[in-house]
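Trainee: Predicted model and sequence below, questions to follow.
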Amino acid sequence: VAVRTHQVPAIFKHYATPKLDRDAFLYARTTGWEELNLIPGQANIFFEGTYVGQSYLNVQSTTDTLDVSLGRDKGVVVERIRRKSTNDKAVIGGKRTINVGFDINVRNTKTTPIDIEVRDQHPLSPRSEIEVKLEEGGDASVNEQTGQLTWNIHVDPKSTLKLGFEYSVKHPKDMPVVVE
């Protein structure tokens, strides 16, 4: 039984981590929710007139923006493809250099434009004899401490944007390393 129904204006944003999942996740960000006297707990979520599932409302937040997860958005497809390279492993002296690159395609099949935050990561080395260098960041903001790459992009309806990055790993040739 519905006790009360409210329509609250929201800004929609998609988030994707294609290394972990091909789907994009949609969030509604709203302000002015404090006057609604909401209590924390499970909420049934309807989006574009369709029931999309349940989400947890955390109204005990100290921020003025309430984020509500709307789940996976099948209208946005994110694909991460490893670049093909002919010179994948080069040996110079006692060191081997491996170049690794990825292309990320973000396709919006919806009839409305979207804003999406795409996250990926290049590896970091805890050992001094292994050098990892980001060769191409593809206009991403890079966190040097974690290796996280973040793109905040706008994708027009029925279009695809291509992102990418490349890094090199230089290590002693007798030392096995995992580069992905």
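Mentor: Looks like it came in fine.
Trainee: and residue 70, how many neighbours?
Mentor: Look at residue 70: counted by other CB atoms under 10 Å, it has 19 neighbours. The way it works is simple: take the backbone N, C-alpha and C, and place the C-beta from them, glycine included.
Trainee: which one in the chain is furthest away from the centre?
Mentor: The centre of the chain is farthest from one residue, residue 93, which by CA atoms, centre = their mean lies 38.2 Å away.
Trainee: Mind pulling up the pLDDT for that one?
Mentor: pLDDT recorded at residue 93 is 72.
Trainee: Likewise for residue 127?
Mentor: Reported pLDDT for residue 127: 84.
Trainee: Correct me if wrong: residue 36 contacts residue 7.
Mentor: No. With contact defined as CB atoms under 8 Å, residue 36 does not reach residue 7; the gap is 10.9 Å.
Trainee: More neighbours: which of the two?
Mentor: Between residue 36 and residue 7, counted using other CB under 10 Å, the more crowded position is residue 36 (13 against 5).
Trainee: ok, now which ones touch the more buried one?
Mentor: 6, 8 (CB atoms under 8 Å, 6 or more residues apart in numbering).
Trainee: ok, residue 68 - contacts?
Mentor: 10, 27, 28, 29, 30, 43, 45, 55, 57.
Trainee: excluding its backbone neighbours, what's nearest the fifth one?
Mentor: Read it as residue 30. residue 10 (4.2 Å; CB to CB, 6 or more residues apart in numbering).
Trainee: check contacts around residue 128.
Mentor: Contacts of residue 128 by CB under 8 Å, 6+ apart: none found.
Trainee: so where's the longest strand in the protein?
Mentor: Ranked by residue count and defined by DSSP state E, the top strand of the chain is strand 66-82.
Trainee: and it, what's its mean pLDDT?
Mentor: 90.
Trainee: That one pairs with which strands, parallel or anti?
Mentor: strand 23-30 (antiparallel), strand 95-108 (antiparallel) (DSSP bridges).
Trainee: Turn those strands into CSV, columns for distance to residue 170.
Mentor: Formatted as CSV, the strands paired with strand 66-82 follow (distance: least, CB to CB, whole Å):
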stretch, distance to residue 170
strand 23-30, 34
strand 95-108, 5
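Trainee: For residue 130, find the nearest of the ones you listed.
Mentor: strand 95-108 (9.7 Å; CB to CB).
Trainee: Tell me the buried residues in the closest one?
Mentor: Neighbour-count burial for strand 95-108 flags 96, 97, 98, 99, 100, 101, 102, 104, 106, 107, 108 (criterion: 16 or more other CB atoms under 10 Å).
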